[in-house]
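In: I'll drop the sequence and a predicted model, then ask my questions.
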Amino acid sequence: GAGVSQSPRYKVAKRGQDVALRCDPISSHVSLFWYQQALGQGPEFLTYFQNEAQLDKSGLPSDRFFAERPEGSVSTLKIQRTQQEDSAVYLCASTLDRNTGELFFGEGSRLTVL
Amino acid sequence: GENVEQHPSTLSVQEGDSAVIKCTYSDSASNYFPWYKQELGKGPQLIIDIRSNVGEKKDQRIAVTLNKTAKHFSLHITETQPEDSAVYFCAASQGGSSASKIIFGSGTRLSIRP
């Protein structure tokens, strides 16, 4: 596609609900990243895929967070039993390969947990 | 791990004046320093980057300087225009196989006064 596409753009969840956020990267891009951006803060690294392999998940804040990219294209970030502190914008970014500097970001999915 | 600090958190300048944003980093192994611009409701977009083998890079009204000894780098915007109003993030990484570890600063909200 022309750019990185994320859905939903906005999600409101009640505390304890599970949510799934989708990312469609640029079609030729091998590497995919998820970042979490709290209000007024910079993006914080969550996890990284090269094709379908999850090479780094050191930024995932707890075992309630799970990400997958089964066919090396679309990725899903799943948050189980959401809590209020999970409220943030979740940004997906892709790049041609891991040695390329520029990250191409989507517009993000804003999650609000009530 | 790497820590990136960014100052100021907010900056207001008169249209036509220059704006300077400064960042420091902690990991001497970092060798790639990008700057991203984020407009309201959008994902961050790369505006300029610099690698550790150069001390300065310029692209039209935007320039970035790097002092590896002092571990700090700066963004300079000259002849500011209203469309420069946005949040700017500096970042640092080791690049290459560690490209996933792009660490962002906390951001500078730049406002251009007409």
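Out: Looks like it came in fine.

In: A:G16 touches A:I79, doesn't it?
Out: No - in this structure A:G16 lies outside contact range of A:I79 using C-beta atoms under 8 Å: 11.1 Å. The C-beta positions use only the backbone N, C-alpha and C, and glycine is treated the same way.

In: Between the two, tell me which one has more neighbours.
Out: A:I79 (24 against 10; other C-beta atoms under 10 Å in any protein chain shown).

In: OK, contacts around that one?
Out: A:D18, A:V19, A:A20, A:L21, A:R64, A:F65, A:F66, A:D86, A:L111 (C-beta atoms under 8 Å, 6 or more residues apart in numbering or on different chains).

In: For chain A, which residues are neighbours of chain B?
Out: Neighbours of chain B within chain A, by C-beta under 8 Å from any C-beta of the partner chain: A:4, A:31, A:33, A:40-45, A:48, A:55-56, A:91, A:93, A:95, A:98-103, A:105-108.

In: which of the residues you listed count as buried?
Out: Using 16 or more other C-beta atoms under 10 Å in any protein chain shown as the burial test, the residues of chain A next to chain B include A:4, A:31, A:33, A:42-45, A:48, A:56, A:91, A:93, A:95, A:98, A:101, A:103, A:105-108 as buried.

In: Just the ones in strands from those, please.
Out: A:S31, A:F33, A:E44, A:F45, A:Y48, A:D56, A:L91, A:A93, A:T95, A:F105 (DSSP state E).

In: Check the gap between the nearest residue to the third one once chain neighbours are set aside and chain B for me.
Out: The shortest distance from A:E44 to any residue that is not its chain neighbour, by C-beta to C-beta, 6 or more residues apart in numbering or on different chains, is 5.1 Å, and that residue is A:Q36. Using C-beta to the nearest C-beta, to the nearest Å, one gets 11 Å for the distance from A:Q36 to chain B.

In: so A:Q36, which of the three states?
Out: strand (DSSP: H, G, I helix; E, B strand; the rest coil).

In: ok and the residue in chain B nearest chain A?
Out: B:G43 (3.0 Å; C-beta to the nearest C-beta).

In: Touching, B:D49 and B:P34? I think so.
Out: Yes - in this structure, B:D49 is within contact of B:P34 by C-beta under 8 Å, at 3.9 Å.

In: Have a look at these two and say which one is more surrounded.
Out: Using other C-beta under 10 Å as the criterion, B:D49 and B:P34 rank with B:P34 on top: 22 against 16.

In: what's the more buried one in contact with, if anything?
Out: B:P34 touches A:G101, A:E102, A:L103, B:L46, B:I48, B:D49, B:I50, B:C90, B:A91, B:S93, B:I102, counting by C-beta under 8 Å, 6+ apart.

In: any chance of these in CSV, plus distance to A:P70, pLDDT and secondary structure?
Out: Listed next are these as CSV, based on distance: C-beta to C-beta, whole Å; pLDDT from 0 to 100; DSSP: H, G, I helix; E, B strand; the rest coil:
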residue, distance to A:P70, pLDDT, secondary structure
A:G101, 27, 75, coil
A:E102, 26, 86, coil
A:L103, 22, 90, coil
B:L46, 28, 95, strand
B:I48, 36, 95, strand
B:D49, 32, 93, strand
B:I50, 37, 92, strand
B:C90, 34, 97, strand
B:A91, 29, 95, strand
B:S93, 27, 88, strand
B:I102, 24, 87, coil
